[in-house]
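In: Fold the following and give me the result.
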Amino acid sequence: MSEARVFGTDGVRGEVGRYPMTPEFVLKLGWAVGRVLGAQGRRRVLIGKDTRVSGYMFESALEAGFSAAGVDVRLLGPMPTPAIAYLTRTLRASAGVVVSASHNPFHDNGVKFFSSQGEKLPDAVEDEIQVMLGRELKVVDSRQLGKAERITDAAGRYIEFCKSTVPNGMSLSGLRVVVDCAHGATYQIAPRVFAELGAEVEVIGAAPDGFNINESVGSTHPEALQTAVRKAEADLGIALDGDGDRVVMVDADGQIRDGDELLYIIAAGRIEQGYQGGVVGTLMSNLGLEQAIEALGCPFRRAKVGDRYVHEVLRAEQWLLGGESSGHLLCLDRHSTGDGIIAALQVLAEMVRRQRSLSELLAPMAVLPQTLVNVQVERAVSLNDPVIVDAVSAAERELAGNGRVLLRPSGTEPLIRVMVEGESREQVRTVAEALAEVVRTHAAT
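Out: All right, here's what the predicted structure looks like:
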């Protein structure tokens with residue numbers, strides 16, 4: 001018996017109660033991962049989660065699965081995804097497991113994994129786990145069952161790590177900051193990090209109830225942060241997502257600053273201080289980012305969409321900086337994975353070092369108008385279908401060589417993402433909406 005492949009671009013994810021996000025399957029997933037680790041002589045994992053109500057169920061299912069495979073478990077409770085990566089490495093665990101669906105609503109959930117080095121699992125290890133899922137679940141002898149215990153000082157360890165990623169002695173004193181925790185995994189940690197570094201902190205999105213994660217708050221809904229920044233007359237706002245691996249910011253005027261812009265600030269600062277590598281974006285990165293990075297004499301590459309693909313290119317090139325416009329930012333000189341809090345700290349460090357506001361640091365970067373339309377689909381849609389190919393060609397002709405068109409399926413949701421970029425905001429919007437309508441109509445037939 002073999003299982004259909006369950007791993008997407010970021011672990012396993014889906015609607016709670018539907019395959020693969022059922023307690024039965026997640027239990028077996030824990031067992032399969034445990035068997036693969038056990039075959040390599042590694043027998044201890046960490047489990048963390050975000051604030052979704054279903055996290056209790058899946059945490060318990062994973063714990064049972066690992067125990068059945070003879071693997072010990074250390075439970076961390078609600079913790080940001082990048083914190084699990086850090087703690088997996090520093091606590092010398094075999095792997096880290098995160099129960100989270102990141103920026104998705106509460107009725108979705110997922111399971112993602114980190115290696116002992118705090119990095120996403122290699123494809124080869126995922127392949128081994130997939131093979132094991134097709135085998136019968138057999139429990140080890142009772143004397144070999146894994147044990148579970150809770151780690152109580154995890155938050156403090158991670159807070160100190162975050163603070164260590166900025167220069168010793170750097171103070172955020174004098175900065176008024178609004179932090180939006182998306183009612184997610186950072187709600188106990190992010191406010192403390194910025195406050196302990198001296199900032200005056202106002203917090204929103206920090207009252208999770210199991211159901212409100214990402215609901216009208218966080219990096220995918222920064223409107224609440226815009227309002228809060230203006231009301232507080234703050235210097236900036238920081239919006240994290242449900243599991244803390246994404247960040248976008250709002251400047252003092254209430255303007256949203258996305259991952260492309262934040263990556264430019266970080267890269268420009270590193271380059272000024274002697275960074276010799278390049279920067280990796282994705283197919284969705286704004287052309288303005290590419291132009292601004294190259295104007296600094298720094299090479300720029302585009303990876304497929306997804307932070308794991310950005311990471312792959314960075315490793316291949318032996319570079320340290322990359323990210324996505326969505327706010328997944330990789331500073332491999334600071335952490336092994338994308339981290340919203342740490343990325344925000346790097347931006348704040350540049351503001352302090354250069355004594356400039358967020359908008360002033362972005363003055364050299366001209367962002368080209370870009371429209372992204374998410375088209376909900378109920379079935380698989382081939383982007384090579386002649387109807388869609390013809391529509392894309394027509395859109396490109398209309399842009400007359402002064403823009404880009406990109407269609408791609410989401411790796412985590414039943415969506416086709418339609419992106420159009422060009423010199424005219426009105427033209428870009430019109431072309432994107434027309435192209436999205438073609439995809440929407442074709443998907444419904």
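In: number of nearby residues for residue 25?
Out: 21 (other C-beta atoms under 10 Å). From N, CA and C alone the C-beta is placed, and that goes for glycine too.
In: element containing it?
Out: Residue 25 belongs to helix 23-39 when assigned by DSSP states H and E.
In: what mean pLDDT does stretch 236-254 have?
Out: Per-residue pLDDT over stretch 236-254 has a mean of 98.
In: that older thread, list the helices and strands the helix holding residue 25 packs on?
Out: The criterion is 3 or more C-beta pairs under 8 Å, 6 or more residues apart in numbering; DSSP states H and E, and the helices and strands that helix 23-39 contacts are strand 44-49, helix 55-68, strand 95-99, strand 108-114, helix 123-133.
In: Before we move on, what's the pLDDT of residue 3?
Out: 66.
In: List the contacts of residue 86.
Out: Residues near residue 86 by C-beta atoms under 8 Å, 6 or more residues apart in numbering: 118, 157-158, 161, 335-336.
In: which of these are buried?
Out: Neighbour-count burial within those applies to 118, 158, 161, 335-336; the criterion is 16 or more other C-beta atoms under 10 Å.
In: out of the residues you listed, which one sits closest to residue 353?
Out: residue 335 (19.5 Å; C-beta to C-beta).
In: Can you verify my assumption that that closest one contacts residue 165?
Out: Yes - assessed by C-beta atoms under 8 Å, residue 335 is found in contact with residue 165 at 7.1 Å.
In: Can you pull the residues that touch both of these two?
Out: Common neighbours of residue 335 and residue 165, counting by C-beta under 8 Å, 6+ apart, are residue 342.
In: remind me which residues of the stretch 51-200 of the chain are low pLDDT?
Out: For the stretch 51-200 of the chain, no stretch is flagged by pLDDT under 70.
In: Run through the strands of it in chain order.
Out: Assigned by DSSP state E, counting those that start in this stretch, the strands in the stretch 51-200 of the chain fall at 72-78, 95-99, 108-114, 148-150, 176-180, 200-204.
In: Highest mean neighbour count out of these?
Out: Stretch with highest mean neighbour count among the strands of the stretch 51-200 of the chain: strand 95-99 (a mean of 28; mean count of other C-beta atoms under 10 Å).
In: just checking, what packs against that strand?
Out: helix 23-39, strand 44-49, helix 55-68, helix 81-90, strand 108-114.
In: rerun at 7 Å
Out: strand 44-49, helix 55-68, helix 81-90, strand 108-114 (3 or more C-beta pairs under 7 Å, 6 or more residues apart in numbering; DSSP states H and E).
In: where does the stretch 301-445 of the chain have low pLDDT?
Out: Ranges of the stretch 301-445 of the chain meeting pLDDT under 70: 412.
In: let's see 50
Out: The stretch 301-445 of the chain contains no residues with pLDDT under 50.
In: continuing past the strand or helix carrying residue 315, what's the next helix or strand?
Out: In the assignment (DSSP H and E), residue 315 maps to helix 307-317. Following helix 307-317 in sequence order, the next helix or strand is strand 321-323 (DSSP H and E).
In: related to what we said a few turns ago, which members of the contacts of residue 86 are the farthest-apart pair?
Out: Among the contacts of residue 86, 157 and 336 lie farthest apart (C-beta to C-beta), at 15.3 Å.
In: rewinding a little: of all the helices and strands packed on strand 95-99, which lies closest to residue 250?
Out: Within these, the stretch nearest residue 250 is helix 81-90; the backing value is 21.5 Å (C-beta to C-beta).
In: Count the residues that sit near the closest residue to residue 309 other than its chain neighbours.
Out: Nearest residue to residue 309 in three dimensions, chain neighbours excluded: residue 303, at 4.3 Å (C-beta to C-beta, 6 or more residues apart in numbering). Using other C-beta under 10 Å, residue 303 has 21 neighbouring residues.
In: separation between residue 303 and residue 122?
Out: Note on residue 303: its distance to residue 122, by C-beta to C-beta, to the nearest Å, is 16 Å.
In: cool, residue 293 as well?
Out: Distance from residue 293 to residue 122, by C-beta to C-beta: 28 Å.
In: who has more neighbours, those two?
Out: When residue 293 and residue 122 are compared on other C-beta under 10 Å, the one with more neighbours turns out to be residue 293, at 25 against 12.
In: Could you give the bridge partners of the closest residue to that one other than its chain neighbours?
Out: Spatial nearest neighbour of residue 293, chain neighbours left out: residue 300 (4.6 Å); criterion: C-beta to C-beta, 6+ apart. With DSSP bridges as the criterion, residue 300 is bridged to residue 279.
In: Can you check what pLDDT the model gives residue 300?
Out: At residue 300, pLDDT is 98.
In: Surely it and residue 292 touch.
Out: No - using C-beta atoms under 7 Å, residue 300 is not in contact with residue 292; the gap is 9.1 Å.
In: quick one: which of those two has more around it?
Out: Applying other C-beta under 10 Å to residue 300 and residue 292 shows that residue 292 carries more neighbours, namely 24 against 18.
In: Identify the residues contacting that one.
Out: Residues in contact with residue 292 (C-beta atoms under 7 Å, 6 or more residues apart in numbering) are 264, 364-365.
In: Which parts of this protein are helices?
Out: 23-39, 55-68, 81-90, 123-133, 154-163, 190-196, 223-232, 259-272, 287-295, 307-317, 340-354, 358-361, 386-399, 425-444 (DSSP state H).
In: most neighbours per residue, which of those helices?
Out: Compared across these, helix 81-90 shows the largest average neighbour count, a mean of 26 (mean count of other C-beta under 10 Å).
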